[in-house]
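**Q** requesting a structural model of the entry that follows:
(one chain, ligands or ions: 1)
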Amino acid sequence: MHDVIVIGAGPSGASSALFLARKGIDVLIIEKKKLPRYKLCAGGTSKVIFDILDVPPDFFNAFSIEKLRVVYRGEEKEYSVPPNNIFTLRREEFDYKLTMLACQHGASLVDGEKVTGIEEDKRTITLETDLGHRFKTRYLIGADGVGSKVARFIGSNFKYPVPLAIQKDIPYENPDPTISLFMGLVPMGYGWIFPKDGMVSAGLGAYKFPPREMSKVLSSILNNFNHKNIPLLAHPISFYRGKIRLARGNVSLVGDSAHITDPFSGEGIRNGIKSAKVVEEVILEAIKKNKTLESYTEKLYSLFARELFLSWIMSGVFYKFQNRIFSLMDRFNMGYVLANLLNERTSYSELFKKIIKSII
Ligand SMILES: Cc1cc2nc3c(=O)[nH]c(=O)nc-3n(C[C@H](O)[C@H](O)[C@H](O)COP(=O)(O)OP(=O)(O)OC[C@H]3O[C@@H](n4cnc5c(N)ncnc54)[C@H](O)[C@@H]3O)c2cc1C
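**A** Numbering: from 1, shown residues only. Take a look at the predicted model:
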């Protein structure tokens with residue numbers, strides 16, 4: 001029997017395992033895909049995640065961003081970004097290296113095996129996989145992403161429509177270290193081109209926009225790339241839409257399975273890793289005091305809920321007034337604003353105050 005089993009080897013699951021293994025906890029990761037595995041993602045992130053992980057960006061070949069370009073219906077603005085603040089990651093490499101690091105610190109891994117059944121009695125949680133294996137644990141972390149099986153198991157069903165994002169990953173040697181954001185393409189969404197180590201990821205995320213039309217809109221920003229034979233992939237985004245149950249008994253949820261992706265920045269990696277840090281604290285205390293993980297929901301939301309709510313409001317304002325926001329950008333150095341926001345040197349509430357001050 002294990003102290004902890006983590007289902008899913010994405011950033012949230014791998015970091016949960018890493019934090020707990022570093023504290024000497026016996027932890028097993030079960031991942032349905034063979035690692036390294038591909039995950040559709042633009043991979044944008046910030047320095048703060050490497051600080052939380054206590055691993056330098058170079059370890060993951062993180063690609064440092066130097067400029068931000070914002071395009072609104074053909075008009076462009078460019079801003080410099082302070083060095084080593086914003087990065088992009090190739091997720092197959094980042095997730096794999098993070099998982100291997102957890103294993104080096106003592107975690108165990110079963111990959112290529114999908115959890116198909118979860119049972120619990122008073123003391124033990126038993127997992128069954130598609131290969132017929134059974135694993136027992138005292139505590140369970142659901143890091144199994146959007147549509148989480150563990151979330152359903154604890155009765156934490158997400159009731160809202162989940163927006164769709166599409167993306168093409170185009171091989172590209174030495175791309176320019178500029179992230180491009182495209183506004184005004186669709187009513188409730190935006191497009192992006194993110195350079196990475198040896199490729200660019202170009203995508204579009206939108207609410208309530210016909211998926212077929214999305215691919216046409218994406219093509220309109222890809223004129224400079226040879227992308228005809230590159231597959232177009234789609235995946236839902238697990239945006240925050242209000243509080244849900246994140247723990248029951250000895251079971252908890254982190255990352256996308258907890259629906260804590262930032263609705264404005266679209267970041268799920270940072271919040272996933274931060275939720276792993278919170279669950280680490282709750283599990284360490286639970287093991288010490290022979291408790292359940294019930295306090296986790298309140299603890300996580302006391303740290304996250306206000307900013308996530310403001311981010312949600314901010315995204316609504318951003319989509320509704322794209323034209324106005326684009327012209328307001330001249331009053332700010334957007335590269336620094338973004339770097340400060342993603343690195344938590346400023347908050348959404350402070351940003352709101354600044355925007356209102358600049359309007360009145
Ligand atoms: C197109 C797109 C672009 C994005 N861009 C960004 C971005 O620029 N920056 C950012 O921060 N975020 C971005 N996101 C969001 C980000 O990808 C997610 O928030 C992030 O992957 C969440 O990590 P996670 O570990 O919680 O879940 P995941 O990365 O989804 O990992 C879940 C893992 O669980 C495994 N699993 C699922 N079910 C089972 C099972 N039954 N048994 C065993 N294993 C199982 C899966 O195989 C998977 O490996 C983007 C998302 C999309 C779709």
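**Q** just checking, I52 touches N271?
**A** No - the pair I52 / N271 is not scored as a contact, 10.9 Å apart, by CB atoms under 8 Å. C-betas here are computed from N, CA, C, even on glycine.
**Q** so which bits of the stretch 151-300 of the chain are right by the ligand?
**A** Contact residues, the stretch 151-300 of the chain versus the ligand (CB under 6 Å from any ligand atom): 165, 167, 203, 235, 237-238, 255-256, 261, 266-270, 272.
**Q** picking that back up, look at I52 and N271 and report which has more neighbours.
**A** More crowded of I52 and N271, by other CB atoms under 10 Å: N271, with 27 against 14.
**Q** in this protein, which spans are helices?
**A** Assigned by DSSP state H, the chain shows helices spanning 11-22, 47-53, 91-104, 149-153, 211-219, 269-289, 296-320, 322-328, 334-342, 348-359.
**Q** so for the last one, mean pLDDT?
**A** What it means is helix 348-359. The pLDDT scores in helix 348-359 average 82.
**Q** quick one: distance of that helix to the chain centre.
**A** Put simply, helix 348-359 sits 25 Å off its chain's centre (CA atoms, centre = their mean, to the nearest Å).
**Q** which positions within it qualify as buried?
**A** Y348, L351, I355 (16 or more other CB atoms under 10 Å).
**Q** contacting residues around it?
**A** With contact meaning CB atoms under 8 Å, 6 or more residues apart in numbering, helix 348-359 is reached by F264, R306, E307, L310, S311, M314, L328, R331, F332, V337, L341.
**Q** swap in the third one?
**A** The contact list for helix 91-104 (CB under 8 Å, 6+ apart) reads 9-11, 13-15, 17-18, 21, 27, 29, 31, 35-39, 41, 43, 53, 55, 59-62, 109, 197.
**Q** ok, the residue of the stretch 251-360 of the chain found nearest the ligand to R134 distance?
**A** Minimum separation of the stretch 251-360 of the chain from the ligand (CB to the nearest ligand atom) falls at G268, amounting to 1.7 Å. Distance of G268 to R134, computed by CB to CB, to the nearest Å: 31 Å.
**Q** the two: who's more crowded?
**A** Remark: of G268 and R134, G268 carries more neighbours, 25 against 10, as counted by other CB under 10 Å.
**Q** beta partners of the residue nearest to the more buried one when sequence neighbours are not counted?
**A** The spatially closest residue to G268, leaving aside those adjacent along the chain, is T261, at 3.8 Å (CB to CB, 6 or more residues apart in numbering). Using DSSP bridges, the beta-bridge partners of T261 come out as F239.
**Q** for T261, grab the count of nearby residues.
**A** T261 has 24 nearby residues by other CB under 10 Å.
**Q** and the gap between it and F209?
**A** Taken as CB to CB, the span from T261 to F209 is 18 Å.
**Q** ramachandran angles for the closest residue to V48 other than its chain neighbours?
**A** Among residues not flanking V48 along the chain, N343 sits closest, at 4.8 Å (CB to CB, 6+ apart). For N343, the backbone dihedrals (degrees, to the nearest 10) come out as phi -100, psi 10.
**Q** residue contacts, N343?
**A** Counting by CB under 8 Å, 6+ apart, N343 touches S46, K47, V48, N85.
**Q** let's see that with 10 Å instead.
**A** Contacts for N343 were tallied using CB atoms under 10 Å, 6 or more residues apart in numbering; they are S46, K47, V48, I49, D51, P82, N85, I86, R270.
**Q** again, but for S12
**A** S12 touches 6, 95, 141-145, 253-258, 260, 268-269, 271-276, 279, counting by CB under 10 Å, 6+ apart.
**Q** likewise for A202?
**A** 42, 166-170, 180, 182, 191-194, 218-219, 221-222, 225, 227, 230, 232 are the contacts of A202 under CB under 10 Å, 6+ apart.
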